[in-house]
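K.L.:
Next input, structure requested:
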Amino acid sequence: MISRRDLLKFGATAGAAVALKPSILQGLAPQEMILRAIPSSGEEVPIVGLGSSATFRQVAQSEDFTALREVLTAFAEYGGRVFDTAPSYGASEEVSGQIAEELGIGDKIFWATKLNVAGRGGGAADPAEAKAQVERSFARLRRPMIDCIQVHNLGDPPTQLGILKDLKAEGRIRYIGITSTSDRQYEALAELMKSEPLDFIGIDYAVDNRNAEEAILPIAKEEGIGVLVYVPFGRSRLFSRVGDREVPDWAKPFAETWGQFFIKFAAAHPAVTTVTPATSQAKHMIDNLGAARGRLPTPDEVKKMVELVEALPPAPGRG
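P.N.:
Residues are numbered from 1 along each chain as shown. Presented below is the predicted three-dimensional model:
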């Protein structure tokens, strides 16, 4: 059990953290978290990480980084490791690197960022510009080596993936991959997964956004490719859909909050390596990491999770 005194060292974070149920804060030591192996290496990472789009990105663009400092403090203290960012996420990459250095936690984090130089008119990316963007990521994250860099949204793979392959061969990147946040790109993504030596892919996946289950996740499992999951909450869509409903009793053995419910749905798929919800609040960071402990839902429970969400009204404005 993590004591109140332990929480107080987070300053403003403490008040938010103790508002959570005590059971959420139990046993969050790294060795007690659910871990998944990265297929290409066997290295184990927690099934829950931290993303830096959405609200994290918005706060990073402000002049007050207090909230993000509290988020990263809680992230490291409670066993988080995989942090996903990108140059396109505003100031997220630079601010997170700065805060991690100030807190002395840079070496504890599995840094995952992206390469996304757009080709002019949809054509080839400029190799010099792509290489310059990667070098900026090294500088912003304050790292001589980055754990994972992925070509974002299939941006000219021949050019940009080729650059990442070279950097991996030089020992400057540990893992490489490709992301897609669009179903329309899944056919092209699937082809690359079968033809390129990818360590990771990154995709959107949520209980009400399951297209990847047939098109992508089986290929990842077959080809031995790790999967980073983005927006497991559908940004805020799923929270809007559940409204003020309580988590059903049948789900409480594995999820005490809706955040944990949604994260554990995604994490329950055996092809998924780490789920990376974004947050700019320490209390949500701690709650999210609560989904990396206990047990995952069974296949029958996963079906019930889908049925529950499908029976909900759509999010406001979605018809």
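
K.L.:
now stretch 142-162, how far from the centre of its chain.
P.N.:
Centroid separation between stretch 142-162 and its chain, computed with C-alpha atoms, centre = their mean, to the nearest Å, is 16 Å.

K.L.:
mean confidence for it?
P.N.:
Averaged across stretch 142-162, the pLDDT comes to 95.

K.L.:
So for that stretch, what gets flagged as buried?
P.N.:
Taking 16 or more other C-beta atoms under 10 Å as the neighbour-count basis, stretch 142-162 is seen to contain the buried residues 143, 146-157, 159-161. The C-beta positions use only the backbone N, C-alpha and C, and glycine is treated the same way.

K.L.:
Which members of those occur in helices, if any?
P.N.:
When DSSP state H is applied, the buried residues of stretch 142-162 are split such that 157, 159, 160, 161 fall in helices.

K.L.:
Could you export those to CSV, including columns for distance to residue 67?
P.N.:
Formatted as CSV, the entries for these read as follows, by distance: C-beta to C-beta, whole Å:
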residue, distance to residue 67
157, 36
159, 37
160, 33
161, 35
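
K.L.:
where does the stretch 1-150 of the chain have low pLDDT?
P.N.:
For the stretch 1-150 of the chain, applying pLDDT under 70 flags the ranges 1-31, 119-122.

K.L.:
Do a quick rundown of the strands in it.
P.N.:
35-37, 44-46, 50-51, 82-84, 110-115, 146-151 (DSSP state E, counting those that start in this stretch).

K.L.:
burial of residue 246, as a residue count?
P.N.:
The burial metric for residue 246, expressed as a neighbour count using other C-beta atoms under 10 Å, is 9.

K.L.:
Report pLDDT for it.
P.N.:
pLDDT recorded at residue 246 is 97.

K.L.:
Do a quick rundown of the strands in the stretch 151-300 of the chain.
P.N.:
With DSSP E, counting those that start in this stretch, the ranges of strands along the stretch 151-300 of the chain come out as 173-180, 200-204, 226-230, 274-275.

K.L.:
out of those strands, which comes closest to residue 310?
P.N.:
strand 200-204 (17.8 Å; C-beta to C-beta).

K.L.:
helices and strands around the closest one, which ones?
P.N.:
Using 3 or more C-beta pairs under 8 Å, 6 or more residues apart in numbering; DSSP states H and E as the contact criterion, the secondary-structure elements in contact with strand 200-204 are strand 110-115, strand 146-151, strand 173-180, helix 186-195, strand 226-230.

K.L.:
Try it again at 7 Å.
P.N.:
strand 146-151, strand 173-180, strand 226-230 (3 or more C-beta pairs under 7 Å, 6 or more residues apart in numbering; DSSP states H and E).

K.L.:
Check which helices and strands the shortest one is in contact with.
P.N.:
Contacts defined by 3+ C-beta pairs under 7 Å, 6+ apart place strand 226-230 against strand 200-204.

K.L.:
Pairing partners for the strand it packs on, with directions?
P.N.:
According to DSSP bridges, strand 200-204 forms sheet pairs with strand 173-180 (parallel), strand 226-230 (parallel).

K.L.:
Next, format these as a markdown table and append mean neighbour count.
P.N.:
Written out in a markdown table, the entries for the strands paired with strand 200-204 read as follows (neighbours: other C-beta atoms under 10 Å):
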| stretch | mean neighbour count |
| --- | --- |
| strand 173-180 | 24 |
| strand 226-230 | 25 |
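
K.L.:
could I get the ones you listed as TSV with mean pLDDT and distance to residue 166?
P.N.:
Below are those laid out as TSV (pLDDT from 0 to 100; distance: least, C-beta to C-beta, whole Å):
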stretch	mean pLDDT	distance to residue 166
strand 173-180	97	9
strand 226-230	98	21
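
K.L.:
will you turn the ones you listed into JSON lines that also has distance to residue 83?
P.N.:
Below are those laid out as JSON lines (distance: least, C-beta to C-beta, whole Å):
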{"stretch": "strand 173-180", "distance to residue 83": "14"}
{"stretch": "strand 226-230", "distance to residue 83": "11"}
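
K.L.:
Quick one: closest of the ones you listed to residue 243.
P.N.:
When these are compared by C-beta to C-beta, strand 226-230 sits nearest residue 243, at 23.6 Å.

K.L.:
Please tell me how far the closest residue to residue 82 other than its chain neighbours sits from residue 301.
P.N.:
By the measure of C-beta to C-beta, 6 or more residues apart in numbering, the closest residue to residue 82 outside its immediate chain neighbours is residue 49, 3.2 Å from it. Distance of residue 49 to residue 301, given as C-beta to C-beta, to the nearest Å: 23 Å.
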